[in-house]
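>>> curious how this folds, go ahead:
(2 chains)
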Amino acid sequence: MRNEIVDSDVHNTLATNDLLLPYLPERWAREVERYGLRRLDSIGFFATRPRRFAARTDAWPAGGVPGGDIDLLREQLLDRYPIAAAILNPINQTTIGAQQPLFSEALCRALNDFTLAEWIERDERLFGAICVPMADAGLAAAEARRLGSHPRMVQVLLNVRSREPLGTRRYWPLYEAAVEHGLPVAVHVGGHGGNLITGAGWPSYYFEDHAGYPQSFQSQMISLVFEGVFERYPDLKIVLQEGGFAWMAWLMWRMDSAWERFRDEVPHLERAPSEIVREHFWFTTQPIEEPQKPHQFGQMWDDLAMPDKALFASDYPHWDFDDPDRALPSALDAETKAVVLGGNARALYPKLAGARVPEGAAG
Amino acid sequence: MTIDCDVHGRVPTMEELVPHLDSYWAAYVEEAGPGVPAGIAAVYPPGAPATGSPLGGATLEELGAHLDRLGASAAILNCVFGLEGLRNLDYASALAGAVNDWLAAEWLDRDPRLRASLLVKAEDPAGAAREIERRAGDPRFVQVLLPARSERPYGDPSYLPVLQAASAAGLPVAIHFGGFTGNPPTPVGWPTYYVEEYVGMAHAFEAQLTSLVAGGALERLPDLRIVFAESGFAWLPSAMWRLDKEWRGLWREIPWVKTLPSETIRERVSVTVQPIDPPPEREQLAHVIEQIDCERMLLFSSDFPHVHAADFGEAFAGIVDADFQRAVVAENARALYGL
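Okay, here's the model as predicted:
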């Protein structure tokens, strides 16, 4: 029997920002109509070659954009695999989250209401992530609180390329709101905080942009750990989405080794960074690492030792989509595959309790 | 005999550089004051645990004693001077030449075991290429030194003349821990604590590796060799897996890259062993060595006088055999640098 699947990273996309107009107050609807949205996301600096919208070639609905059509999502993902639940991360958060704070706040509210009304309420398998205006943690916290108790909104969504590292105090009010509502905070590929996207300056190619994402995630993990976020919010859960995970074991070794020597610089840190990481971080699997020698995936997995923190994700409708039937490597045993495909997500997100196990699948 | 591929002498004061500058720059320094570039103290806070001694380096005598203790036949001196933060390109290139003169006179002439990395201001590609050509006749300068954090990553076409000159002179390009350009040290802004920057330097090395692969410098310059210094090496397997995967998916964007990135990296890139950042289990370090799968890549380094968490001999004991040890401790460096 096939295992049920919780897909922890699926994208819906707005074909046009005009779709938000009915959900915006008059003042901000006028802003959209008169000025429009500025492209402030870093993806705009590169052509997403080889594919427009970085999408699968077969994911274009007639007259629409990839991720813009719920029926095509059903056909290509929800009905095709035994999916109990899919968590939507609206791709437009990357652009609207980077607008000026008040505009961004209005747009995020509108996007959340749009996603609830036009996606989540139309299919019981769909769950949502609360988009927030990242530039202002107070406004972000208010939006997290507005929707935090909604039974289908399972987490708060941030973009990894932030203005400041996510461990800095600027973001703590948002974490407070997330913890209050028992919401994990997901950090997803994308965003534009205005920083150069590597620690060594601007690269030239989409290849480098895309290959460079793990480095942004590494920076966020380092920041969240060393700035003491988890000492202040011991119940905070962070989900790293689409950042890979083969780098986590060595980063923990490096952090532990540095912590031993630099402890007096960060006296608020009472535990080894690796302990903090293993307790507070989850990660989605796509794009999953593929060593040429398959057993080395097993080595890495064992060294990482976070089998209960891995959440399967397909990243539909993007070009580097991971097929739930084929993506998990042979180095993982059946039991591990089962929890990665579904059980870990159910344990992390209590709101998935209502998601039905698909017919013919095992929960 | 051991070859130590990364040691640090103290940086020169501006007074010491004046005799090596022409009259214009000598007057410039005299009038502007004696400050060395800020980069050095930003990258190595004077009292930080990994720094080891004020201004990030040892005296000639301290270094000599270190080489005696190691029984080293040669050591490569990396003078981390902080040129990358200087905006006046001519000034930076003039200082690079002066530091190189000073290194030859005060260090290389005085201890025959010492070799040095050549300082250049890479953002002044013509000046950097001239400096490389000027020194090519002095075999004691064994590689060109660039900081891990640069204004742009080194695969950017603007750096090609520098890489070209190094390659033509038969000099590897060493990319070393550090670099203070004034840009945030992470892709997501400024961290609060030095320890975050210290740990995060790994991602600057990853970005440089990605750029060198994608930009095609390694394809265009078949003799170019890259050395990552004070980078550690445990990050290499995951970086190579990721680059291979990206290449399979995105090769059409960079069609000049014709070989699986990990193959090129294993052939052309070397890495010094410190800092080792030992994993809790010995077996885990063995995994990393197996995954790197390239005995040739590793170069012994102490990073003296900087202090690191683990000693190479202890960390690698029982993990690699005697041949592997010999290769890392001396033979790889001998072959790479023609020592």
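>>> quick check: neighbours of the helix or strand that contains A:A85 in the sheet, parallel or antiparallel?
Under the criterion of DSSP states H and E, A:A85 resides in strand A:83-88. In the sheet, strand A:83-88 lines up against strand A:5-10 (parallel), strand A:126-131 (parallel) (DSSP bridges).
>>> possible to save those strands as a markdown table with mean pLDDT?
Converted to a markdown table, the strands paired with strand A:83-88 look like this (pLDDT from 0 to 100):
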| stretch | mean pLDDT |
| --- | --- |
| strand A:5-10 | 98 |
| strand A:126-131 | 98 |
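>>> how about those strands, which one is nearest B:V269?
strand A:5-10 (32.5 Å; Cβ to Cβ). Yep, even glycine has a C-beta here, placed from its N, CA and C like the rest.
>>> using PDB, write out every CA atom in the helix ranked longest in chain B.
Longest helix of chain B, by residue count under DSSP state H: helix B:194-215. Taking Å, rounded to 0.1, in the frame of the first residue of the first chain, the C-alpha atoms of helix B:194-215 are listed here in PDB:
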ATOM      1  CA  TYR B 194      31.700  38.000  15.500                       C
ATOM      2  CA  VAL B 195      31.200  34.300  16.000                       C
ATOM      3  CA  GLU B 196      28.400  34.400  13.400                       C
ATOM      4  CA  GLU B 197      30.700  35.900  10.900                       C
ATOM      5  CA  TYR B 198      33.400  33.400  11.700                       C
ATOM      6  CA  VAL B 199      31.200  30.400  11.200                       C
ATOM      7  CA  GLY B 200      29.600  32.000   8.200                       C
ATOM      8  CA  MET B 201      32.800  32.500   6.300                       C
ATOM      9  CA  ALA B 202      32.100  29.000   4.900                       C
ATOM     10  CA  HIS B 203      29.400  30.400   2.700                       C
ATOM     11  CA  ALA B 204      31.700  32.900   1.100                       C
ATOM     12  CA  PHE B 205      33.900  30.000   0.100                       C
ATOM     13  CA  GLU B 206      30.900  28.200  -1.300                       C
ATOM     14  CA  ALA B 207      29.900  31.300  -3.300                       C
ATOM     15  CA  GLN B 208      33.400  31.600  -4.700                       C
ATOM     16  CA  LEU B 209      33.400  27.900  -5.700                       C
ATOM     17  CA  THR B 210      30.000  28.300  -7.400                       C
ATOM     18  CA  SER B 211      31.100  31.400  -9.200                       C
ATOM     19  CA  LEU B 212      34.400  29.900 -10.500                       C
ATOM     20  CA  VAL B 213      32.400  26.900 -11.800                       C
ATOM     21  CA  ALA B 214      29.600  28.900 -13.400                       C
ATOM     22  CA  GLY B 215      31.600  31.800 -14.800                       C
END
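>>> after it, next one along is what?
helix B:217-220.
>>> and that following helix, anywhere near chain A?
No: on the criterion Cβ under 8 Å from any Cβ of the partner chain, helix B:217-220 is out of touch with chain A, staying 11.8 Å away.
>>> how about that helix: buried residues?
Of all the residues in helix B:217-220, those buried under the rule 16 or more other Cβ atoms under 10 Å in any protein chain shown are B:217-218.
>>> cool, stretch A:274-294 as well?
Residues of stretch A:274-294 classed as buried: A:274, A:276-278, A:280-291 (neighbour count, 16+ other Cβ under 10 Å).
>>> just those: which are in strands?
Cross-referencing these against strands under DSSP state E gives A:281-284.
>>> near chain A at all, the longest helix of chain B?
Yes: counting by Cβ under 8 Å from any Cβ, contacts between helix B:194-215 and chain A involve B:194-196, B:198-204, B:206-208, B:210-211, B:214-215.
>>> mind listing the strands for the stretch 201-339 of chain B?
B:226-229, B:269-272, B:298-299 (DSSP state E, counting those that start in this stretch).
>>> out of those strands, the one nearest chain A is which?
Of all the strands of the stretch 201-339 of chain B, strand B:226-229 sits nearest to chain A, with 12.3 Å by Cβ to the nearest Cβ.
>>> mean confidence for that closest one?
Computed over strand B:226-229, the mean pLDDT rounds to 98.
>>> now tell me what touches it from outside.
Residues outside strand B:226-229 that contact it (Cβ atoms under 8 Å, 6 or more residues apart in numbering or on different chains) are B:5-6, B:78, B:143, B:148, B:172-177, B:205, B:208-209, B:212, B:218, B:268-272, B:299, B:301, B:336.
>>> okay, and for the chain, where does confidence drop off?
I'll assume chain A. A:41-44, A:49-50 (pLDDT under 70).
>>> nope, chain B
For chain B, the ranges with pLDDT under 70 are B:34, B:39, B:52-56.
>>> up against chain B, what does the stretch 251-363 of chain A have?
Counting by Cβ under 8 Å from any Cβ, the stretch 251-363 of chain A comes close to chain B at A:251, A:253-262, A:265-266, A:287, A:289-292, A:296, A:299-300, A:303, A:319-320.
>>> repeat that for 7 Å
Within the stretch 251-363 of chain A, the residues that sit near chain B (Cβ under 7 Å from any Cβ of the partner chain) are A:253-255, A:257-258, A:260-262, A:265-266, A:287, A:289-292, A:296, A:299, A:303, A:319-320.
>>> narrow those residues to those that are buried.
Buried among those (16+ other Cβ under 10 Å): A:253-255, A:257-258, A:261-262, A:265-266, A:287, A:289-291, A:296, A:299, A:303, A:319-320.
>>> residues near A:L196, how many?
20 (other Cβ atoms under 10 Å in any protein chain shown).
>>> isn't B:L236 up against B:I292?
Yes: counting by Cβ atoms under 7 Å, B:L236 touches B:I292, with 5.4 Å between them.
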